[in-house]
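A.B. asks: Prediction below, plus the sequence it came from.
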Amino acid sequence: MTIQTSAKSAQAVGKKRSWATVIVGSSALWAWGFLAYLSPIFITDALTSQLKLETAFFTSQATVVVLAGCLLFVGRKHALSVGRLTLLACAVGLFAASLLLPQALITNNLILLLACGITSGIAATFLGAAWGTRYSLEPRDVSSIVLLSFLAAYALYLGITHLPNQHLAGFIVAALPIISWLLWLKDASARHGLSTEVFPQPRLRGKVLMPGEVTAGIWESRILPWRRIGIIIVAAFTGSSVASLIMGTSYNGAETLFMAGVVVCSFITIMAFVPFTASRETFTVSQLYRITISFTVVGLVLITIIGEDGVAVGGALIQGCAIFLQALIYVIVTRTTRSEGLSPLLSFSVGQAVIAGVLLAGNLLGKLLFVLFGSSTLLLSATCGAGVLGLFFMLLALVPKQAATSAKQSASASSTSTAPVQDTTPSLHEAPQATNCLDAFVKTYGLTSREAEILEYLVRGRSLPYVANELFVTTGTIKTHVRHIYAKTNVNSRQELLDAVEHFITPMQPFEEPLHIQSDSE
């Protein structure tokens with residue numbers, strides 16, 4: 001009766017939720033990030049000022065990196081809480097920074113400019129983590145919807161930058177964070193009837209503190225797929241460096257370069273949906289990466305061969321790909337957070353810090369080369385040539401791994417070609433011996449009945465959102481239980497937990513064939 005009631009409650013709350021709210025709300029935040037520092041709305045003020053808009057931009061990016069480091073350190077020792085009021089303060093901070101930024105440029109107020117940059121870095125990180133949390137809660141992969149939100153952000157960017165009234169455009173830019181927070185609150189409140197863990201809950205009468213969905217989960221940054229992210233970092237760094245070198249120390253060509261880059265981002269995003277709609281299969285990160293790298297290489301080769309005549313087209317391709325790779329990192333972090341049960345505040349702050357660090361380092365390198373050697377055609381061609389070589393060697397580094405994966409898939413296909421296709425993962429309900437061994441594991445480590453139930457799902461390779469959906473609770477609740485399981489079994493990741501279960505169960509199996517534990521492949 002309780003389960004049926006919970007199911008009805010889940011269905012009732014689900015009807016109130018709309019993906020339109022989520023897409024528009026998150027795209028408003030992404031669009032603000034593009035418009036605040038990459039749009040011609042504030043560039044005009046920068047051209048007439050002794051101070052540069054890039055000062056605030058570099059400050060904000062450095063703040064994101066420092067903040068992520070602080071969260072990594074503090075989160076391991078203290079329980080953090082991020083709720084409605086915290087995110088409201090962040091939205092108001094972005095609103096104020098957007099309005100004060102032009103004034104800081106006009107009055108040449110360095111202190112105010114730095115304050116705007118620091119505020120932007122902190123507030124955007126927390127709001128970005130809140131929306132990342134929302135996308136990582138679903139029982140199915142929603143990478144296509146994440147990319148759709150970025151496509152909507154590109155459209156917002158192009159629409160607002162073409163408004164005839166610049167003052168109106170500036171006010172809309174400032175209002176975007178407030179709109180984003182209001183839509184987040186609407187979506188979160190619609191889920192509040194199902195989840196009392198959406199917002200942080202105070203400690204009452206000795207009960208365990210529920211940290212809220214933004215901070216619930218595992219604080220282990222090493223679980224992130226750093227190899228895959230590292231490859232994207234090289235491409236994004238190359239694009240940022242070349243784009244910064246092309247622009248030099250002036251913003252005269254920034255309007256055309258940024259706007260053309262956003263158009264390229266839009267085309268790449270649309271291309272990502274072509275295989276999705278044609279074959280009804282979701283895209284892969286490797287497919288998007290190959291598309292983006294192809295555009296980047298074309299832009300680099302154009303500039304290398306043609307020189308300054310190829311800067312307009314090549315620069316747009318390079319800048320656009322560098323911007324799109326940020327969205328690609330966000331997709332990767334979303335998938336990992338969803339499958340591994342990471343704390344969204346941890347994973348998305350680290351993801352945003354990676355993006356910020358790449359943008360900061362790439363832009364500073366481009367400025368440094370411009371200051372030291374000037375805007376010579378030879379330097380530009382040499383930089384583009386080095387970028388092509390760097391991307392080439394990164395692709396070569398992927399070949400052994402891809403070849404091994406293909407060989408494994410071929411071997412698997414040949415071994416099953418003469419046998420009917422069936423699920424070879426044993427069900428714990430159908431294998432009494434395995435069930436008894438798992439029960440022994442549970443008793444050995446003192447897991448509760450709820451933790452044992454969740455452990456059974458994890459052994460079967462189920463994602464945390466899937467488990468939450470099956471048990472009619474929230475992903476935040478499941479993450480809390482998983483964190484307790486990790487602590488009791490002295491592990492730090494799902495793979496370590498699966499290894500521990502396998503090593504414990506295998507010697508106890510009464511039959512020769514060891515228990516096969518399937519990792520999360522959803």
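C.D. replies: Looks like it came in fine.

A.B. asks: Which pLDDT value goes with Gly253?
C.D. replies: Gly253 carries a pLDDT score of 58 in this model.

A.B. asks: Roughly how far does Ala327 sit from Leu185?
C.D. replies: Separation of Ala327 from Leu185 (C-beta to C-beta, to the nearest Å) stands at 24 Å. Using the backbone N, CA and C atoms, a C-beta is placed for each residue, glycine as well.

A.B. asks: out of these two, which sits in the more crowded spot?
C.D. replies: Ala327 (23 against 18; other C-beta atoms under 10 Å).

A.B. asks: Leaving out the residues flanking it, which one is nearest to that one?
C.D. replies: Phe150 (4.4 Å; C-beta to C-beta, 6 or more residues apart in numbering).

A.B. asks: And whichever strand or helix holds that neighbour, what's buried?
C.D. replies: Assigned by DSSP states H and E, Phe150 belongs to helix 143-161. Neighbour-count burial for helix 143-161, counted by 16 or more other C-beta atoms under 10 Å, picks out 143, 146-154, 156-158, 160-161.

A.B. asks: Next one: Ala316 from Phe267, what distance?
C.D. replies: Separation of Ala316 from Phe267 (C-beta to C-beta): 11 Å.

A.B. asks: Repeat that for Leu288.
C.D. replies: Leu288 is 13 Å from Phe267, by C-beta to C-beta.

A.B. asks: And the protein, split by domain according to the record?
C.D. replies: With domains defined by automatic domain parsing, the chain comprises 17-200+212-402, 432-508.

A.B. asks: follow-up on the earlier one: out of Leu288 and Phe267, which sits in the busier spot?
C.D. replies: The neighbour count for Leu288 versus Phe267, taken as other C-beta under 10 Å, is higher for Leu288 (23 against 14).

A.B. asks: The residue lying closest to Cys321 once chain neighbours are set aside sits in which helix or strand?
C.D. replies: Nearest in space to Cys321, with sequence neighbours left out and distances taken as C-beta to C-beta, 6+ apart, is Thr296 at 4.3 Å. Assigned by DSSP H and E, Thr296 belongs to helix 285-306.

A.B. asks: Show me what the mean pLDDT comes to for that helix.
C.D. replies: What helix 285-306 shows for mean pLDDT is 83.

A.B. asks: same thing with stretch 480-492?
C.D. replies: Throughout stretch 480-492, pLDDT has a mean value of 82.

A.B. asks: Now do the helix or strand hosting Ser26 against helix 143-161, angle only.
C.D. replies: Assigned by DSSP H and E, Ser26 falls within helix 19-38. Per axes from the mean of the first three to the mean of the last three C-alpha atoms, to 10 degrees, the angle that helix 19-38 makes with helix 143-161 is 50 degrees.

A.B. asks: Report the distance from helix 19-38 to the chain centre.
C.D. replies: 14 Å (C-alpha atoms, centre = their mean, to the nearest Å).

A.B. asks: list the helices and strands that helix packs on?
C.D. replies: helix 53-77, helix 84-106, helix 110-135, helix 143-161, helix 166-190, helix 254-278 (3 or more C-beta pairs under 8 Å, 6 or more residues apart in numbering; DSSP states H and E).

A.B. asks: what's the spacing between the residue nearest to Thr55 when sequence neighbours are not counted and Arg228?
C.D. replies: Spatial nearest neighbour of Thr55, excluding adjacent residues (C-beta to C-beta, 6+ apart): Leu113 at 5.7 Å. Applying C-beta to C-beta, the value for Leu113 to Arg228 is 36 Å.

A.B. asks: More neighbours: which of these two?
C.D. replies: Between Leu113 and Arg228, counted using other C-beta under 10 Å, the more crowded position is Leu113 (24 against 17).

A.B. asks: and that one, what does it touch?
C.D. replies: Leu51, Thr55, Ala56, Thr59, Leu101, Ala104, Leu105 (C-beta atoms under 8 Å, 6 or more residues apart in numbering).

A.B. asks: Just give me the closest of those residues to Gly320.
C.D. replies: Nearest to Gly320 among those: Ala56, at 23.0 Å, using C-beta to C-beta.

A.B. asks: The nearest residue to that closest one once chain neighbours are set aside: how many residues sit nearby?
C.D. replies: Closest residue to Ala56 apart from its sequence neighbours, by C-beta to C-beta, 6+ apart: Gly117 at 4.0 Å. Using other C-beta under 10 Å, the number of residues around Gly117 comes to 25.

A.B. asks: Could you check the pLDDT of Gly117?
C.D. replies: Looking at Gly117, its pLDDT is 93.
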